[in-house]
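>>> structure, please.
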Amino acid sequence: MWNWLLRKKRWEENRKRVALITGASTGLGLALVKELARSGDFHVIATARHSSLHRFKKAGIVENERLWIRPLNVLLKAERDAVIEEANQKLGGIDVLINNAGYCLRGVVEQVNETERLKQIDTNFRAPMALIRGVLPNMRKRRSGHIINISSVGGMMAMPTMAIYSASKFALEGATEALWYEVRPWNIKVCLIQPGFINSESFRNVELTRESRKSLQDKNNPYYYHYNSMAPFIAKMMRLSPSTPEKIARKIHRVIDSKNPPLRVPVTIDATFFGLIRKLLPRRLYHAIMYYSLPRVFRWGEDDHYHMDAEYERQESARKVSSPKIDEAQAPQPPDRSVAVLDDRRPVQTGKGA
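Model prediction:
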């Protein structure tokens, strides 16, 4: 009995912490895999959808005894359960869960349909909650663990054209804060990582809704300037950002190693800045500043202007087609004062007896 307990204690002391990372084939997820695997302190389980697994090889990530690569579509219960069960059986459970998988849907509220809305919420909120439920029983049993949810500046402040993305991150933040209280008695740490603009190709890949894709190309659409102002602005901010996935991965590594990490951790300069002004400024002033700082905001809502421009161009085109060219010498003389011209095709007599 004592020998068994001694062997178990030694195994636990020598055991590497098991870190499960979702959405690990690109961007911040891939940077986290490299950072934690390089440290030698973790057994890393890098996961991605089947269609994305080839990216690991391209990035030089090869499976070994301390690094597993597993298929995981976070929306599929069977794949979630399989990864967690294997870790429990072979590695003694998951010590660090990093919910990184997610995507950004670009569309104003009016142009997001039910299917698109549910997919965004399912991926960014419901799937992380399901994974947390899967790992918690083992963490509670061992009275230790760390749950890290990758949120966003969009989880502390909403941005136009990304309403449902912000909704998914707001939900993630609220549930994570409640979880922080709930699992504290078992010494389970809970953190929200809040990145802002990241200088990374993968973070520029946003998914457009069916209607927002049309609006981007249609100058007569009432939301044309919303998209064509925000998209270049966000792309520019990402290009100029000094924050890279590698820098943020190092910060997250320090959070994991911290004995008493905070609930919310802003990991980019803009995330820190927006967090401060949101706390310090009166809410009415804060929203006014944010609104008038939006790019080309004074052109938003010019749908009547677009309609009139389009109608004018249509009439001009029709007039050129229907009216033959004539020499100035053959041009008709100005109408008599007794004639009022309603348009250039239909004179109407206004004299007596008209």
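
>>> I'd like to know how many residues surround Val153.
Using other CB atoms under 10 Å, Val153 has 22 other residues around it. Bear in mind the C-beta positions are built from the backbone N, C-alpha and C, glycine included.

>>> so for the residue lying closest to it once chain neighbours are set aside, what's the pLDDT?
Excluding its sequence neighbours, the residue lying closest to Val153 (CB to CB, 6 or more residues apart in numbering) is Gly196, at 4.2 Å. At Gly196, the pLDDT value in this model is 94.

>>> which SS class is Gly196?
Classification of Gly196 using DSSP: H, G, I helix; E, B strand; the rest coil returns coil.

>>> and the gap between it and Tyr181?
Look at Gly196 and Tyr181: by CB to CB, to the nearest Å, they are 26 Å apart.

>>> neighbour-wise, which of those two wins?
Gly196 (23 against 10).

>>> pretty sure the more buried one contacts Phe274?
Yes - the pair formed by Gly196 and Phe274 meets the contact definition of CB atoms under 8 Å, at 7.0 Å.

>>> now the common contact residues for the two.
Common neighbours of Gly196 and Phe274, counting by CB atoms under 8 Å, 6 or more residues apart in numbering, are Val153.

>>> which parts of the stretch 251-354 of the chain are helices?
Along the stretch 251-354 of the chain, the stretches classed as helices by DSSP state H, counting those that start in this stretch are 269-280, 283-292, 303-322.

>>> residue ranges with poor pLDDT in this protein?
Low-confidence segments of the chain, defined by pLDDT under 70: 1-14, 202-204, 303-316, 322-354.

>>> spatially central residue in it, please.
Residue closest to the average C-alpha location in the chain (CA atoms, centre = their mean): Cys104, at 2.9 Å.

>>> isn't it up against Ala163?
No - assessed by CB under 8 Å, Cys104 is found out of contact with Ala163, at 11.4 Å.

>>> next, the nearest residue to Asn221 once chain neighbours are set aside: phi, psi?
Nearest non-adjacent residue to Asn221, counting by CB to CB, 6+ apart: Ser215, 4.2 Å away. Main-chain torsions, Ser215, degrees, to the nearest 10: phi -60, psi -30.

>>> start at 340, not 1
Understood, numbering begins at 340; the last thing we discussed is Ser554.

>>> please enumerate the strands of the stretch 340-489 of the chain.
Ranges of strands in the stretch 340-489 of the chain, per DSSP state E, counting those that start in this stretch, are 356-360, 381-387, 406-410, 435-438, 444-445, 484-489.

>>> now for the nearest residue to Tyr563 once chain neighbours are set aside, how many residues are close by?
Sequence neighbours aside, Ser554 is the residue nearest to Tyr563 in space, at 5.8 Å (criterion: CB to CB, 6+ apart). Around Ser554 there are 24 other residues, counting by other CB under 10 Å.

>>> what's the separation between Ser554 and Trp639?
Counting by CB to CB, the gap from Ser554 to Trp639 is 12 Å.

>>> do Lys508 as well
23 Å.

>>> those two: which has the busier surroundings?
The neighbour comparison of Lys508 against Trp639 (other CB under 10 Å) goes to Lys508, with 28 against 18.

>>> burial of Asn403, as a residue count?
Around Asn403 there are 10 other residues, counting by other CB under 10 Å.

>>> find the nearest non-adjacent residue to Glu540, please.
Gly366 is the one closest to Glu540 (CB to CB, 6+ apart), at 7.9 Å.

>>> pretty sure the one you found contacts Ser539?
Yes - contact criterion CB under 8 Å: Gly366 and Ser539 qualify, at 5.2 Å.

>>> what is in contact with those two at once?
Going by CB under 8 Å, 6+ apart, residues that sit against Gly366 and also against Ser539 are Pro584.

>>> and for the nearest residue in space to Val413 that is not next to it in sequence, the neighbour number?
In space, and not counting its chain neighbours, Val413 is closest to Ala466: 3.8 Å by CB to CB, 6+ apart. Burial measure for Ala466: 23 neighbouring residues, criterion other CB under 10 Å.

>>> quick check: Ala466 touching Leu414?
Yes - Ala466 lies in contact with Leu414 (CB under 8 Å); the separation is 5.8 Å.

>>> wait, what's in contact with Thr548?
Each residue near Thr548 by CB under 8 Å, 6+ apart is listed here: 444-446, 450-452, 455.

>>> which of the residues in the helix or strand hosting Ala574 are buried?
Using DSSP states H and E, Ala574 sits in helix 563-579. Within helix 563-579, the residues that count as buried by 16 or more other CB atoms under 10 Å are 563-570, 573, 577.

>>> ok, of those, which one's closest to Gly362?
Closest approach to Gly362 among the buried residues of helix 563-579 (CB to CB): Met577, at 18.0 Å.

>>> which non-adjacent residue is nearest that closest one?
Nearest one to Met577, counting by CB to CB, 6+ apart, is Phe536 at 5.0 Å.

>>> hmm, Phe612 and that neighbour touching each other?
No - the pair Phe536 / Phe612 is not scored as a contact, 11.0 Å apart, by CB under 8 Å.

>>> so those two - more neighbours on which side?
Neighbour totals were compared for Phe536 and Phe612, and Phe536 leads with 21 against 13 (other CB under 10 Å).

>>> please report the distance of that one from Val606.
11 Å.

>>> repeat that for Ala517.
22 Å.

>>> check His382 too.
24 Å.

>>> which residue ranges of the stretch 440-589 of the chain form helices?
Using DSSP H, counting those that start in this stretch, the helices of the stretch 440-589 of the chain run over 453-460, 466-481, 502-521, 549-556, 563-579, 584-596.
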